[in-house]
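**Q** I'll drop the sequence and a predicted model, then ask my questions.
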Amino acid sequence: MMKSIVLTILGCCLVLLVSAQTYYVQLSTVKGNITLRLYDETPKHRDNFLNAIKTGLFKDNSFNRVIGDFVSQAGELDETILNREKLHPGKPLQRVSAEIKPNLYHHKGALGAGRNDNPEKSSYLNQFYLVQGKKQTDADLDKIELKKGLRFSSEQREAYKSKGGTPKLDGDYTIFGEIVGGLDVAEAINKVPTNSDDLPLIPIKFSIRILTKKEISLKQF
């Protein structure tokens with residue numbers, strides 16, 4: 001009897017694991033393709049990103065703010081979003097509530113959500129960035145910990161020192177995914193020439209789509 005119950009429970013768990021889906025999306029750019037895995041630990045940002053793709057919020061968008069060795073930002077610019085909102089002052093602002101978690105940090109290749117300077121640290125619906133950053137030293141990380149009251153884990157320190165990132169953004173912006181394919185493409189985008197407003201001199205447009213379960217099963221991430 002007990003053996004039968006245990007087998008039933010294990011069977012149910014297996015069904016849940018099989019039916020569970022982690023989402024992947026693909027950015028197609030003139031520099032190549034980038035595959036992103038969305039974190040299930042940040043469901044509001046995950047679902048908002050998927051909805052933005054499905055409803056065409058990223059249609060005809062581009063990387064519009066590229067800062068070398070820092071981040072490459074895509075989607076709508078702050079100014080465009082905020083100016084549109086000023087035209088309708090009585091309309092509730094559309095934002096995604098912050099999902100800032102200590103274990104999800106700004107390592108190289110991380111996917112973050114853009115936002116304006118609001119105390120809730122809530123994110124825009126259709127602005128994201130890819131972290132490039134640079135390698136950090138223990139002294140660099142010590143200063144950030146002291147200034148921001150953070151505590152980097154040994155794993156985070158190793159990632160920041162060996163691969164790089166932008167740890168000074170930790171605790172202020174939501175990280176909701178990461179690059180699992182095409183990191184070299186993201187690096188190439190972060191190196192393009194820009195003007196004084198960090199806008200690429202040659203537009204880096206992109207298309208974006210959600211990968212199917214079949215496509216995911218055939219890929220090696």
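**A** That came in fine, so what should we check first? Numbers count the residues shown, from 1 in each chain.

**Q** In the chain, where is pLDDT below threshold?
**A** 1-20, 220-221 (pLDDT under 70).

**Q** Let's see that with 80 instead.
**A** For the chain, the stretches flagged by pLDDT under 80 are 1-21, 88-93, 219-221.

**Q** So Asp140: helix, strand or coil?
**A** Secondary structure, DSSP: H, G, I helix; E, B strand; the rest coil: Asp140 is helix.

**Q** Contact partners for it?
**A** 160, 167 (CB atoms under 8 Å, 6 or more residues apart in numbering). For glycine as for every other residue, the C-beta is placed from the backbone atoms N, C-alpha and C.

**Q** And for Val66?
**A** Listed by CB under 8 Å, 6+ apart, the contact set of Val66 reads 72-73, 189-190, 192, 194, 198-200, 204.

**Q** now with 10 Å?
**A** Each residue near Val66 by CB atoms under 10 Å, 6 or more residues apart in numbering is listed here: 72-74, 129-130, 132, 189-194, 198-200, 204.

**Q** What is the nearest of the residues you listed to Lys161?
**A** If you rank these by distance to Lys161 using CB to CB, Gln132 comes first, at 15.8 Å.

**Q** Thought Val185 was touching the closest one, still the case?
**A** No. If you go by CB atoms under 10 Å, Gln132 and Val185 don't touch, sitting 11.8 Å apart.

**Q** the more surrounded of these two?
**A** Gln132 (24 against 20; other CB atoms under 10 Å).

**Q** returning to that earlier point: so which of the contacts of Val66 are in strands?
**A** Among the contacts of Val66, the ones falling in strands (DSSP state E) are 72-74, 129-130, 204.

**Q** Now rank the residues you listed by neighbours and give me the top one.
**A** Neighbour-wise, the ones in strands among the contacts of Val66 (other CB under 10 Å) top out at Leu130, 27 neighbours.

**Q** Kindly state the beta-bridge partners for that residue.
**A** Beta-bridge partners for Leu130, by DSSP bridges, are Ser72, Leu111.

**Q** quick one: contacts for it?
**A** Leu130 neighbours (CB under 10 Å, 6+ apart): 27, 34, 36, 63, 66, 71-74, 108-112, 177-179, 183, 185-187, 189-190.

**Q** Just the buried ones from those, in ChimeraX syntax?
**A** Buried members of these, defined by 16 or more other CB atoms under 10 Å, are picked up in ChimeraX with:
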select :27,34,36,63,66,71,72,73,74,108,109,110,111,112,177,178,179,183,185,186,187,189,190
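
**Q** Which one of the ones in strands among the contacts of Val66 is nearest to Leu169?
**A** For the ones in strands among the contacts of Val66, with Leu169 as the reference and CB to CB as the criterion, the closest is Tyr129, at 9.2 Å.
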